[in-house]
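> Starting from these lines, generate the structure:
(2 chains)
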Amino acid sequence: MSAAAKLAILKKRAAFLQKARQFFIDRGLLEVDVPILNKFAPIDRHIEVLEIPQVGFLHTSPEYGIKKLLSEVNTDVFQISHVFRKGEKGKNHNPEFTMIEWYRLSVDFFTYIDEVIEFIELFLGSLKTDHITYDQAFKKFANIDSITPISLKSCLDAHEISYTELVNLLDLVYTHIIEPNLGKEGLTVIYDFPKDQAALAKTYHNGKEEKARRFEIYYKGCELANGYDELGDKTILEKRLKDEAEHYKANFGKTLEIDPDILEAMDGFPECCGVAIGFDRLLMKALNIDSIQKLLP
Amino acid sequence: MSQIATNDIRSGMKLEIEKDPYTVIGNEFVKPGKGQAFNRIKIKNLLTGRVIEKTYKSGEKLTLADVIETKMRLLYLEQDGAVFMDDNTFEQLTVPFSTIGDNKQWLVEDTIYEIVLYNDEAIDILPPTFMELVVTQTDPGARGDTASGRVLKPAILETGAKVQIPIFINQEEKIKVDTRTGEYVSRS
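A predicted model of the protein is given here:
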């Protein structure tokens, strides 16, 4: 890359960072800067943590740190942070990247989603937005009425997708068949995820079954945002983290201890929604650059 | 045979999958927001030339294929195949015409070829990109053909290759050909 092109990207990144900060400052959010290096790791069965032996773990998102703060100070906050995920490298992934998270207390779930869209449009311009549930996306783009191993398998066969027996069929259909169709003509908001994909979101009963109060926003097949109506229940959180830790051990061969402070933070945790945005991906899409590697400073 | 994790697979690497050798064309890392990471690998079967895509769980182990490329000199042609020799070890290797396929039309004795070996057996031979070959058969260029826009005429080369050459080239002349496309390049 020429020095001029490099400088242009750096300038755009700087301008975007400033714009992001201003967005939050204008809305009265407090900027926080929770530690990147922690004694305990966040636990997600599919996200491998980078460990610094004898010292601690680099965070995969500032989520735990911010939640600990929220339980003490009841105020809206944001953080712009470098985060680390071992082994993730590709067109849309890098082991180190910049994440923007913000939390709003006592906000309606869909009102919060609107704010996230507003934030994204700040960088990508005004876009047409669709809201669609996880199940509707399977129906619309994969022609799957009810998600079962058999319906997933026949869908993959119909799309001539070849895979090994170790892959998770649900994630395979989602990434290979559904995702490329999301946000084709603007932004697509996916919500009502299956309850076992709740991560740290609340679940609720939609009249038919239990769903996760979680959303993702896509643009041109790329996930830009992942947000939750945040779980505030200590017992449920402990159960989920134990389950995640068990799967983490199976996937990555390491036992992670549950951070006692994140469980503690559930006492007095406020009603809130939170979101994580891949800042580099926003920049990629705004500049029409096809790979995250090309725009990292 | 040594193993490699899907995350470490790069273009150009050779893999053995279901007992066939493949060359890697691409490896894409795919991951949903919350969910399993995959490597979507695009590979070309070195025996059939067929290109396929296969998705693996990220971190799955694959077997590297014992594929090597070596340079050997063509000694002579036999009834069913060509006999090559390694200039350094003087080892000889017979490659059947069924393996050589279309490249049979580029076989000239005493020329160095690239031989692709899989488990010590030849699976493909690659001729030099440019070869200088004698035109053994072509009709004399007829006057007036250029006016009609037909500037090329068919010819057969010493190896049996059928190519199109400019009308001003005569039989017994030597020309330079691009073996990738079979196109005339220049007089040699």
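> Kindly report the domain assignment for chain A.
Domains of chain A are assigned by automatic domain parsing as A:1-106+A:240-268+A:270-297, A:126-232.
> Report how many residues lie close to A:Val116.
Residues contacting A:Val116 under the criterion other C-beta atoms under 10 Å in any protein chain shown number 22. From N, CA and C alone the C-beta is placed, and that goes for glycine too.
> check contacts around it.
A:217, A:225, A:227, A:275, A:277 (C-beta atoms under 8 Å, 6 or more residues apart in numbering or on different chains).
> quick revisit: tell me which of the domains of chain A lies nearest to chain B.
In terms of C-beta to the nearest C-beta, the element of those nearest to chain B is domain A:1-106+A:240-268+A:270-297, at 2.8 Å.
> that older thread, which one of the contacts of A:Val116 sits closest to B:Leu157?
Nearest to B:Leu157, judged by C-beta to C-beta, of the contacts of A:Val116 is A:Ile217 at 61.7 Å.
> Double-check that closest one against A:Ile132; I have them as touching.
No - with contacts counted by C-beta atoms under 8 Å, A:Ile217 stays clear of A:Ile132, the gap being 11.3 Å.
> Which residues are in contact with each of those two?
Counting by C-beta under 8 Å, 6+ apart, the common neighbours of A:Ile217 and A:Ile132 are A:188-190.
> could the domains of chain A go into TSV alongside mean pLDDT and distance to B:Gln171?
Listed next are the domains of chain A as TSV, based on pLDDT from 0 to 100; distance: least, C-beta to C-beta, whole Å:
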stretch	mean pLDDT	distance to B:Gln171
domain A:1-106+A:240-268+A:270-297	96	53
domain A:126-232	96	51
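> Throw those into a markdown table and include mean neighbour count and distance to chain B, thanks.
Shown next, in a markdown table, are the domains of chain A (neighbours: other C-beta atoms under 10 Å in any protein chain shown; distance: least, C-beta to the nearest C-beta, whole Å):
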| stretch | mean neighbour count | distance to chain B |
| --- | --- | --- |
| domain A:1-106+A:240-268+A:270-297 | 17 | 3 |
| domain A:126-232 | 18 | 4 |
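> helices and strands around whichever strand or helix holds B:Asp124, which ones?
Per DSSP states H and E, B:Asp124 falls inside strand B:121-126. Strand B:121-126 makes packing contacts with strand B:92-96, helix B:97-100, strand B:112-118 when contacts are defined by 3 or more C-beta pairs under 8 Å, 6 or more residues apart in numbering or on different chains; DSSP states H and E.
> most tightly surrounded among these?
Neighbour counts (mean count of other C-beta atoms under 10 Å in any protein chain shown) averaged over each of these peak at strand B:112-118, with a mean of 18.
> Leaving out sequence neighbours, find the closest residue to the spatially most central residue of chain B.
Nearest to the mean C-alpha position of chain B, by C-alpha atoms, centre = their mean, lies B:Leu126 at 4.2 Å. Closest residue to B:Leu126 apart from its sequence neighbours, by C-beta to C-beta, 6 or more residues apart in numbering or on different chains: B:Glu114 at 4.1 Å.
> From B:Ala122, how far off is the nearest residue to B:Tyr22 once chain neighbours are set aside?
With sequence-adjacent residues excluded and distances taken as C-beta to C-beta, 6+ apart, B:Tyr22 is closest to B:Ile43, at 4.0 Å. B:Ile43 sits 20 Å away from B:Ala122, going by C-beta to C-beta, to the nearest Å.
> okay, those two: which has more neighbours?
Taking other C-beta under 10 Å, B:Ile43 and B:Ala122 do not tie; B:Ile43 has more neighbours (24 against 21).
> sorry, back to before: quick one: which of the shared contacts of A:Ile217 and A:Ile132 is nearest to B:Lys19?
A:Ile190 (41.1 Å).
> next one: phi and psi at that closest one?
As for A:Ile190, its main-chain torsions (degrees, to the nearest 10) stand at phi -100, psi 130.
> you'd agree A:Asp171 is in a helix?
Yes - with DSSP: H, G, I helix; E, B strand; the rest coil as the criterion, A:Asp171 is part of a helix.
> That one touches B:Lys34, doesn't it?
No - with contacts counted by C-beta under 8 Å, A:Asp171 stays clear of B:Lys34, the gap being 9.0 Å.
> tell me the domain ranges of chain B?
B:3-64, B:67-126, B:130-187.
> Name the SS class of A:Glu118, please.
Classification of A:Glu118 using three-state DSSP returns helix.
> How many residues are close by it?
Using other C-beta under 10 Å, A:Glu118 is surrounded by 12 other residues.
> What confidence value was assigned to it?
pLDDT for A:Glu118: 98.
> Roughly how far does it sit from A:Ala201?
Going from A:Glu118 to A:Ala201 by C-beta to C-beta gives 21 Å.
> Same check on B:Ala65?
Taking C-beta to C-beta, one finds B:Ala65 at 45 Å from A:Ala201.
> tally of neighbours for B:Asn39?
Applying other C-beta under 10 Å, we find 23 residues neighbouring B:Asn39.
> give me the residue from chain B nearest chain A.
Among all residues of chain B, B:Phe29 sits closest to chain A, at 2.8 Å; criterion: C-beta to the nearest C-beta.
> what's the closest non-adjacent residue to that residue?
Nearest residue to B:Phe29, sequence neighbours excluded (C-beta to C-beta, 6+ apart): A:Gly90, at 2.8 Å.
> Name the SS class of that neighbour, please.
Put simply, A:Gly90 is coil when judged by three-state DSSP.
> Ramachandran coordinates for residue 175?
Looking at chain A here, since you left the chain open. Main-chain torsions, A:Thr175, degrees, to the nearest 10: phi -80, psi -40.
> meant chain B actually
phi -130, psi 160.
> Equivalent analysis for A:Val83, please.
Backbone torsions of A:Val83, given as degrees, to the nearest 10, read phi -130, psi 160.
> Which residues does the helix or strand hosting B:Glu16 contact?
Element membership of B:Glu16 [criterion: DSSP H and E] is strand B:14-17. Contacts to strand B:14-17, defined as C-beta under 8 Å, 6+ apart, come from residues B:1, B:4, B:9, B:21-24, B:43, B:46, B:54, B:62-67.
> In terms of helices and strands, where is the residue lying farthest from the centre of chain B?
Distance to the chain centre peaks in chain B at B:Lys34, reaching 43.2 Å (criterion: C-alpha atoms, centre = their mean). Remark: B:Lys34 resides in no helix or strand, with elements defined by DSSP H and E.
> what's in contact with the helix or strand that contains A:His82?
Assigned by DSSP H and E, A:His82 falls within strand A:77-84. Applying C-beta under 8 Å, 6+ apart, the contact partners of strand A:77-84 are A:17, A:20-21, A:24, A:29-34, A:36, A:49-50, A:58-62, A:65-66, A:69-70, A:95-103, A:279.
> Which residue, other than its chain neighbours, is closest to B:Tyr184?
Nearest non-adjacent residue to B:Tyr184, counting by C-beta to C-beta, 6+ apart: B:Ile165, 4.9 Å away.
> So which elements touch the one helix or strand A:Asn251 maps to?
Using DSSP H and E, the element containing A:Asn251 is helix A:234-252. With contacts defined as 3+ C-beta pairs under 8 Å, 6+ apart, helix A:234-252 has these neighbours: helix A:260-264.
> C-terminal to the helix it packs on, what's the next element?
strand A:272-278.
> So in that sheet, which strands flank that next one, and in what orientation?
strand A:96-105 (antiparallel), strand A:222-229 (antiparallel) (DSSP bridges).
> can you list contacts of the longest one?
Applying C-beta under 8 Å, 6+ apart, the external contacts of strand A:96-105 come out as A:20, A:24, A:29, A:61-63, A:66, A:70, A:74-85, A:112, A:115, A:230, A:270-280, A:292, A:296.
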